[in-house]
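Peer 1: when you get a sec, could you give me coordinates for this:
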Amino acid sequence: MSFLEKPQRNVDLTAYDGKIPVHYKYTLGLAGDKFFTAIKKDGKFVGTHCEECDVIYSPPAIYCERCFASLEDSWVELPSSGTVVAFTVVTEDDQGKELHCPQVIAAIQLDGADNVFIHRVCDCCIEDLGIGVRVQATFKPKKERKGTLDDIEYFEIATE
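Peer 2: Purely as a prediction, here's the structure:
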């Protein structure tokens, strides 16, 4: 089944456990392309809305994970603010070397979205961060954006 084909039943999907040391580049796909283009050009988040389930996905999905309805024509704009639903403090890099400055990585539910977005939270004391804390995205200047996740410099605690 290609990524453009719509799964008809969840029993048709298969997964295999294993550890294969493969390095690859992930293609954005249709939804990812539109998501990162909106960030690059306009400094804003977009998502897709399933009218049948009343669910908003951001990062967007091309079909609803619950009912498999097509979401290709159901784009919505979302604010760049959200709520921390989980977070962790990273003290080592992926090679096990200690970081000079620990990084905070959070699962953020953007306002209006039903799924979460994983990104860095900066410019805050770790003691000030917690579940339920409101955050705001900070984007790179437009001329520096490349259409990648790094176009979002970080999220910071919102001053509402």
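Peer 1: quick one: mean pLDDT for stretch 141-159?
Peer 2: Mean pLDDT, stretch 141-159: 93.
Peer 1: quick one: contacts of it?
Peer 2: Stretch 141-159 has contacts (CB atoms under 8 Å, 6 or more residues apart in numbering) with 36-37, 39-41, 43, 81-82, 106, 108, 119-124, 128-129, 133-140. No exception for glycine: its C-beta is placed from N, CA and C like everyone else's.
Peer 1: do stretch 120-128 as well
Peer 2: 84, 87, 89, 102-106, 108, 129, 135, 153-157.
Peer 1: any of the residues you listed buried? List them.
Peer 2: The neighbour-count criterion (16 or more other CB atoms under 10 Å) marks 84, 87, 104, 106, 108, 129, 135, 153-155, 157 among the contacts of stretch 120-128 as buried.
Peer 1: closest to Gly32 among those residues?
Peer 2: Distance to Gly32 across the buried ones among the contacts of stretch 120-128 (CB to CB) is lowest for Ile108, with 17.6 Å.
Peer 1: wait, is that closest one part of a strand?
Peer 2: Yes: the assignment for Ile108 is a strand, going by DSSP: H, G, I helix; E, B strand; the rest coil.
Peer 1: which residues does it contact?
Peer 2: 82-85, 116-119, 121, 135, 155.
Peer 1: got it, and Ala69?
Peer 2: Per CB under 8 Å, 6+ apart, neighbours of Ala69: 50-53, 63.
Peer 1: let's see that with 6 Å instead.
Peer 2: Residues near Ala69 by CB atoms under 6 Å, 6 or more residues apart in numbering: 50, 52.
Peer 1: any idea of the pLDDT on it?
Peer 2: Reported pLDDT for Ala69: 96.
Peer 1: look up how far His49 lies from it.
Peer 2: From Ala69 across to His49, the span is 10 Å (CB to CB, to the nearest Å).
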